[in-house]
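K.L.:
I'd like to go over a predicted model; first the sequence, then the structure.
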Amino acid sequence: MAIIHEANLTPAKPELLETWLDRQPWGGSGPVDLVGGYRFDDPAGEVGVEGLVVRRGERTLHVPLTYRGAPLAGAEEHLVCTMQHSALGQRWVYEAGHDPVGVDCFVRALRGEQQQAVVEVWHGETFAGTREPAVRVVREGPVPVEGGSLVLVGDLDPAAQGEAPQGEVRLVASWDGGTAVVAALAVPTP
């Protein structure tokens, strides 16, 4: 289960996403509207792994992130930002596709070894209940035998989905008003 602490974030997610997306060639422009997200559990319980679906102008984008309590050595160029979390302290936010824990979680999900996490909400030390995710992910395709490389999709617009990886195994996200491939396992052909 993914644990969410009711907390203040500085910068807030829309602000950090806007700044980061401004630096991406596919990131569009304008304010960011957070549609929702989904989470995977880090088996070690140390790293938060989250995929966010956002709207920016007329575009729908997918931003997979990891949240760490300390810097990830050698990943400076993939640091999205540092943030202050009122319950957990300073957090380092990375592109999930360049964080080994994020990559492992997505690959396990694509192999059918991991499901989307159940989200628990906590107010301090008090359990407040579970939260239904605004974005659901499901795995499609046969279980791959071995190998393969992770492909994360950033642009979720229907026109871009025609260019999305159409590997045998995909993670498909659904939210109110949309469905798109957000990740695939590109399996090498013999």
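P.N.:
It's in.

K.L.:
what about the nearest residue to Q114 once chain neighbours are set aside, is that helix, strand or coil?
P.N.:
With sequence-adjacent residues excluded and distances taken as CB to CB, 6 or more residues apart in numbering, Q114 is closest to R108, at 3.8 Å. Heads up, the C-betas are built off the backbone N, CA and C, glycines and all. Secondary structure for R108, judged by DSSP: H, G, I helix; E, B strand; the rest coil, is helix.

K.L.:
pLDDT score assigned to R108?
P.N.:
Looking at R108, its pLDDT stands at 93.

K.L.:
what's the answer for the one 3 residues further on, then?
P.N.:
On pLDDT, R111 comes in at 90.

K.L.:
V143 is in contact with that one, correct?
P.N.:
Yes. Between R111 and V143 there is a contact under CB atoms under 8 Å: 6.4 Å.

K.L.:
can you list residues touching both of the two?
P.N.:
Counting by CB atoms under 8 Å, 6 or more residues apart in numbering, the common neighbours of R111 and V143 are V169.

K.L.:
More neighbours: these two, which one.
P.N.:
Neighbours per residue (other CB atoms under 10 Å) separate R111 from V143, with R111 holding more: 16 against 11.
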